[in-house]
Each structure stands twice: as structure tokens, then as C-alpha cells.
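Peer 1: the following block contains a protein sequence and its predicted model.
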Amino acid sequence: MVPNWLAVTPPQWLCSVTFFKSLKAELIWRQSWPTRRQAKAAIFQYINGFYNTRRRHSYLGGISPLAFEAKVD
């Protein structure tokens, strides 16, 4: 029996793989941090300050979520 948290569909799996590929290429491999706390803070800032708001997303036609929301409003 497979636990619910392991039962993901191929599109969900692809989305997470794509996210982590972007995270590594755009942040992790470009710099290092002296402490784990600083690394966690940088990753948090990347996700909430850039990836989810300003980064261009192909599913939005190549524009950022903020630009998409402004266009819709």
C-alpha cells in the first residue's frame, strides 16, 4: 500500500522536479552560505520573494504572477 503523500500524478511530479531544478540552478549552485540558518533564509526568500511572484512562468504565457494579476485586474 502506498501512503497518500507518495501517490502523486506525473504532472505533480514534473512540477516538483522542475521547481527544484530551477532552485538549484538559480540559487544553490551560484553561492554558498556560512551557516545552515543563512541558507534556509536565502531559500525562503527565493521562494516567497522571487519564484512565486516575479519569476516568469510558462503556464502564464511567459509573464510573472504579479504581471498576470495586474493584467487581469
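Peer 2: Done, it's in.
Peer 1: so which bits of the lengthiest helix in the chain are buried?
Peer 2: Identified as the longest helix of the chain according to DSSP state H is helix 10-26. Across helix 10-26, burial judged by 16 or more other C-beta atoms under 10 Å covers no residue at all. Where you see a C-beta, it was placed from the backbone N, CA and C, and this is true even at glycine.
Peer 1: which strands and helices sit next to it?
Peer 2: Packing contacts for helix 10-26, counted by 3 or more C-beta pairs under 8 Å, 6 or more residues apart in numbering; DSSP states H and E, involve no helix or strand.
Peer 1: how far off centre is that helix?
Peer 2: 7 Å (C-alpha atoms, centre = their mean, to the nearest Å).
Peer 1: and it, average pLDDT?
Peer 2: Looking at helix 10-26 alone, the average pLDDT works out to 83.
Peer 1: okay, that helix in CSV with CA atoms only?
Peer 2: What follows is helix 10-26 as a C-alpha-only set of coordinates in CSV (Å, rounded to 0.1, in the frame of the first residue of the first chain):
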residue,chain,number,x,y,z
PRO,A,10,3.0,12.6,-13.3
PRO,A,11,2.2,16.3,-13.7
GLN,A,12,2.6,16.9,-9.9
TRP,A,13,5.9,15.0,-10.0
LEU,A,14,7.1,17.0,-13.0
CYS,A,15,6.2,20.3,-11.3
SER,A,16,8.3,19.5,-8.3
VAL,A,17,11.2,18.3,-10.4
THR,A,18,11.1,21.5,-12.4
PHE,A,19,10.9,23.6,-9.3
PHE,A,20,14.0,22.0,-7.6
LYS,A,21,15.9,22.2,-10.9
SER,A,22,15.2,26.0,-11.0
LEU,A,23,16.1,26.4,-7.3
LYS,A,24,19.4,24.7,-7.7
ALA,A,25,20.4,26.4,-11.0
GLU,A,26,19.3,29.9,-10.0
